[in-house]
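got a structure for you, letters missing:
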């Protein structure tokens, strides 16, 4: 037989592209158009419908950047359309090559009831079409600019209304009623599957030629001049080929409807609310048409927005949840970054998210759903388990730049040993359209063949694309049992995980963090957002501690509602594109304003609670929210402070520099303002590398290949300038101040010593760096060259720490050239270590160096500022202040204590007396992370404690108020079997914790004897 395969395939491609698609809708009837452009921010339907709509027509320009235009569409259904399905088709000026990131609309009835979203790949609107009767509907159209710009990463002012250029962005291209020709549409779906599968198969496969000839016969039967009339006959030619069953061993795919909607990113939060409404309304219409369609949706915040802003969508959604079609997953308030949020904040993501799902729908999600977060903290498995969830789904690790994750289905083991059954879909996308190419890729890419046989595919356009489409559901139906294709089933994530775990219970284990080899710049970009997060987390700890202490003492009412509201704002801003610093200027401006309001409000709450706990007097009472005693004040209590030091810090000129000495630490600052020597007086050890320095500012060129705000590429290390020019050095209280200029920026650094003492607070060097930053595409770091021989370093993470290598033995090691840290990083050799503690930074790099000494030493660098130009061209411009502390002679225990001290400053309140801590712990390795009142508002006290050093810890927790019941609970404060609680009585309880174990304990206070 002559080989005409290529010619036939070209004929198929040309005909399908040009002919049947245009026949899906027709005949047509123009819609009459009226328009009202909203001045300013979006308004409710009730306000819009009362406005005067001016006549408009197809071809009109509309939509200032971020503006809203309401369109009213009217027509009369022609009498000759009787018995046919009629739809409206509205093209707001879409670029159909991209499913989202542009104009969108929400179609509503004349009564304001949402119908569905109008998006580039879903522009149709179902209408009630009685022949001869009028049809009216409205579309709230959002003129969202395409910030992505084709992902050229070109700086743009479009990220804020204040900087966006004026002028309409879009043209109304189409507005008409049309008959929907279902047979033609079905033919297109047949062809998409048959043609797609044919092109994926090897040319030597008989099945490829079977499909080729079936498609050829289809084309012979399809009359280009009468597509509608010949479509049914054309379909018949494909029926046999599309009816052949799949191989018994074919890979099995569970397709789950999904729409990944970033809670803010290249649009502000207010636009996310509307994106969710458009997507949910379209999903609900699909559920009406297909009872087998299942849609999984995470982020409790999105549900809360629907309840507040779109109650009709929320009510309908609730019915579909009850029916099992609309499936809440994730169990978190948003899909957060999992690297940077503090331990208690990560717990609250689950507590707050799951409470909404349980209270509103009676659903406790068992699948944690994080498709797009930028890597995964090793503390997460334990938190997942303690929240009552069983499984984890993610996708982002397919973005790794160098190393491929070796598993797709596996057990993930956290720092405490907890294991969570995890799936990482081989389809390598969380926006699948269920194309044959994607399905075949999933099967070929699957790493578990021979042991497992199934994977999950999230189906639907996200971020304004509208979620799943009817075309995707058609693809699922055609690939349910099709020769050459994986077998596709529509089902919930729970059904997938139950089956996957049952068939592969002995899946391999991945231990420790799942580090994303990409997006490393997110630990540093948008410093103000990150500082606001860190500060808010610790202010919330203080507010809950002192309010709980005062409430148990009967001094105040616990402010449940206020604290819950504030927590929800903090949790929202931990979304993985907000806290990460990868959003437009509008988003970060709003986040920073929110943090300012939170700080003001929490400061007032803390002050009120502390005042209620303080007796009148002429002295000063010092409140210590740290879990460690400080200056003679008990942990979690208040009293008269008695600093350990003698108050003497000597600062003297020494040649061309200065020496700072407090009797415990002696530091030398040279003429360049660099710390060239730090001697630990307790052992006489020099900790600065010979010929090196500490606190040396270094400026790098920072030009990532892509994803400016997200990425720091390794080549940045090859261009560095030491910032050593000095404008002025002067002596200040307890130290020296150095002023510098570089580029268009200035910096003032204060280097000081505390007033002495041999505890952690006394044996450290303090640094305050104030920067007026006006650089572009630069990266600023503070470098500490330490005479410590370390092949690994410890970085704090949630409820513990992780060890990472300082070397680059493997590609996996080398990829971690920038990592995440919370409050401290520790490097050590046998018998000696040094900690670097910070109050607001998250990025760092730790490496090995060599110099004059024969041995390798360790370089620790704290990442301070970046200046990417996309998506916010003014990222981090302006003033910033960073505080960090170097602690010589520190072990892990010292680092933990110093980390809390740096982030929980002592507070002085005028008055007298003493405030007994609500609990006392007799083992410093058992750390009290939070003290609060129970979520059910019963008045019970809830403690969250954890083992902080990485070893076993036994101890007693003494309560200062009598208790009638002690209960171990999960994160949601529900009783669970005892695993760390050993014994209890009316005055406390005993615990025995495993390494990094988190324990939540609920205490029911009783009345003290005689009261």
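Looks like it arrived, so ask away. Everything numeric in this text was worked out from a predicted model, so none of it was measured.

mind listing what's buried in stretch 969-976?
By neighbour count on 16 or more other C-beta atoms under 10 Å, the buried set for stretch 969-976 is 969-973, 976. Quick note: C-beta positions are derived from backbone N, CA and C, even for glycine.

do the same with stretch 954-967
955-957, 959-961, 963, 966-967.

and if you look at stretch 609-622?
Neighbour-count burial for stretch 609-622 flags 609-614, 621-622 (criterion: 16+ other C-beta under 10 Å).

cool, stretch 18-35 as well?
For stretch 18-35, a neighbour-count test (16+ other C-beta under 10 Å) marks 19-20, 23-25, 29, 31, 33-35 as buried.

Pick the one among the residues you listed closest to residue 107.
Residue 107 lies nearest to residue 31 out of the buried residues of stretch 18-35, by C-beta to C-beta, at 11.8 Å.

Take the buried residues of stretch 954-967 and write them to a markdown table, including secondary structure and distance to residue 819.
Shown next, in a markdown table, are those (DSSP: H, G, I helix; E, B strand; the rest coil; distance: C-beta to C-beta, whole Å):
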| residue | secondary structure | distance to residue 819 |
| --- | --- | --- |
| 955 | strand | 32 |
| 956 | strand | 36 |
| 957 | strand | 33 |
| 959 | strand | 39 |
| 960 | coil | 40 |
| 961 | coil | 42 |
| 963 | strand | 42 |
| 966 | strand | 39 |
| 967 | strand | 38 |
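
between those, which is closest to residue 49?
The closest of the buried residues of stretch 954-967 to residue 49 turns out to be residue 967 (C-beta to C-beta; 53.7 Å).

Quick check: phi and psi at the nearest residue to residue 154 once chain neighbours are set aside.
Nearest non-adjacent residue to residue 154, counting by C-beta to C-beta, 6 or more residues apart in numbering: residue 870, 7.0 Å away. Backbone torsions for residue 870, taken as degrees, to the nearest 10, come to phi -140, psi 130.

same deal with residue 784?
Taking degrees, to the nearest 10, you get phi -130, psi 110 for the backbone angles of residue 784.

Okay, and the beta partners of it?
Going by DSSP bridges, residue 784 is paired in beta bridges with residue 694, residue 860.

so it touches residue 695, yeah?
Yes - with contact defined as C-beta atoms under 8 Å, residue 784 reaches residue 695; the gap is 6.6 Å.

what about the two, which has more around it?
More crowded of residue 784 and residue 695, by other C-beta atoms under 10 Å: residue 784, with 28 against 23.

Now do the contacts for the more buried one.
By C-beta atoms under 8 Å, 6 or more residues apart in numbering, residue 784 lies in contact with 694-696, 836, 859-862, 886.

change it to 7 Å
By C-beta atoms under 7 Å, 6 or more residues apart in numbering, residue 784 lies in contact with 694-695, 836, 860, 886.

now swap in residue 382 and tell me
Contact analysis of residue 382 by C-beta under 7 Å, 6+ apart lists 414, 416, 418, 998.

if we go to 8 Å?
Residue 382 is in contact with 414-416, 418, 799, 996-998, counting by C-beta under 8 Å, 6+ apart.

ditto for residue 182
residue 85.

what are the ranges of the strands in the stretch 51-200 of the chain?
With DSSP state E, counting those that start in this stretch as the criterion, the stretch 51-200 of the chain has strands at 54-56, 61-62, 68-76, 86-91, 104-108, 114-118, 124-126, 134-142, 170-171, 174-180.

right, and those strands - which one's nearest residue 874?
With C-beta to C-beta, the closest approach to residue 874 among the strands of the stretch 51-200 of the chain belongs to strand 134-142: 24.2 Å.

Centre of the chain to the closest one, how far?
Computed by C-alpha atoms, centre = their mean, to the nearest Å, the chain-centroid distance of strand 134-142 equals 35 Å.

List the neighbouring strands of it plus their orientation.
When DSSP bridges is applied, strand 134-142 pairs with strand 68-76 (antiparallel), strand 104-108 (antiparallel).

how about that strand: buried residues?
Residues of strand 134-142 classed as buried by neighbour count (16+ other C-beta under 10 Å): 135, 137-142.

Stretch 658-674 now?
Within stretch 658-674, the residues that qualify as buried are 658-670, 672-674, counting by 16+ other C-beta under 10 Å.

so which pair among those is furthest apart in space?
Maximum pairwise distance among those (C-beta to C-beta): 26.2 Å, between 663 and 672.

quick one: common contacting residues for residue 784 and residue 695?
Residues touching both residue 784 and residue 695 comprise residue 886, with contact defined as C-beta under 8 Å, 6+ apart.

In terms of secondary structure, what does the host helix or strand of residue 896 contact?
With elements taken from DSSP states H and E, the one containing residue 896 is helix 892-903. When contacts are defined as 3 or more C-beta pairs under 8 Å, 6 or more residues apart in numbering; DSSP states H and E, helix 892-903 packs onto strand 792-797, strand 824-829, strand 832-838, strand 878-888.

do that again at 7 Å, thanks
When contacts are defined as 3 or more C-beta pairs under 7 Å, 6 or more residues apart in numbering; DSSP states H and E, helix 892-903 packs onto strand 824-829, strand 832-838, strand 878-888.

And residue 459, how far from residue 474?
Remark: distance between residue 459 and residue 474 (C-beta to C-beta, to the nearest Å) = 12 Å.

Repeat that for residue 676.
Taking C-beta to C-beta, one finds residue 676 at 71 Å from residue 474.

Please apply the same query to residue 953.
Taking C-beta to C-beta, one finds residue 953 at 58 Å from residue 474.

Those two: which has the busier surroundings?
residue 953 (24 against 19).

Pairing partners for the more buried one in the sheet, please.
Judged by DSSP bridges, the bridge partners of residue 953 are residue 993.

pLDDT weak spots in this protein?
Judged by pLDDT under 70, the chain has its weakly predicted residues at 1, 645-646, 758, 851-854, 1007-1011.

Run a quick neighbour tally on residue 848.
16.

Hmm, it is touching residue 809, no?
No - between residue 848 and residue 809 there is no contact under C-beta atoms under 7 Å: 11.1 Å.

circling back: pick the most deeply packed of the helices and strands packed on helix 892-903.
Neighbour counts (mean count of other C-beta atoms under 10 Å) averaged over each of those peak at strand 832-838, with a mean of 26.
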